[in-house]
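S.K.: Kindly return the folded structure for what I paste below:
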Amino acid sequence: MSHSKKIILGLGLLVIVCFFVIAQLYKTVAVLQNPKKVSQDEVATLVFQVGKLMVLPANEQPTVATVSDPSKLKDQPFFAHAEAGDKVLIYQTSQKAILYRPSVNKIIEVSPINLNNTTSTQATKTSI
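M.R.: Numbering: from 1, shown residues only. Below you'll find the model as predicted:
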């Protein structure tokens, strides 16, 4: 193969690589400009994963929270086995809370909740 053909082939490969890098950057910028979409996608993914492990309330989207500091939650029985990164799915209409650990794809705890009791609800929301 001649020297000029090698240069043309190298430039062609460089153009293809640049195209893919630009496409990935475009996707990343689009996601960063719409953080609500990322949140909706995360909720949909969590509902799908947890839905494979148990029957979830129908026709209801949960509120999702992430456990960031389990030591602050140790006095609450629901969070006794919680770890950082666990997800809490709260179904308000069905009055059900689910503690899910994505790292091992396991449900750690399920509990009924009483959202009419504002004191305990506020404590739970602030602790998470």
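S.K.: C-alpha only now, for contacts and for neighbours.
M.R.: Fine.
S.K.: Please spell out the segments of this protein that come in under the pLDDT threshold.
M.R.: Residue ranges of the chain with pLDDT under 70: 28-38, 116-128.
S.K.: Give me the domain ranges for the chain.
M.R.: Following automatic domain parsing, one gets these domains for the chain: 1-33, 35-127.
S.K.: Kindly compare burial across those and name the winner.
M.R.: Highest mean neighbour count of those: domain 35-127, a mean of 15 (counted as mean count of other Cα atoms under 10 Å).
S.K.: And the residue nearest the centre of the chain, how close does it get to A58?
M.R.: The centre of the chain sits closest to E42, judged by Cα atoms, centre = their mean, with a distance of 3.9 Å. Separation of E42 from A58 (Cα to Cα, to the nearest Å): 18 Å.
S.K.: Over to Y26?
M.R.: 36 Å.
S.K.: One more: Y91?
M.R.: According to Cα to Cα, Y91 stands 10 Å off from A58.
S.K.: Now do the helices in the protein.
M.R.: 3-33, 35-51, 118-127 (DSSP state H).
S.K.: you'd agree F79 is up against S71?
M.R.: No - look at F79 against S71 with Cα atoms under 8 Å: they stay out of range, at 9.3 Å.
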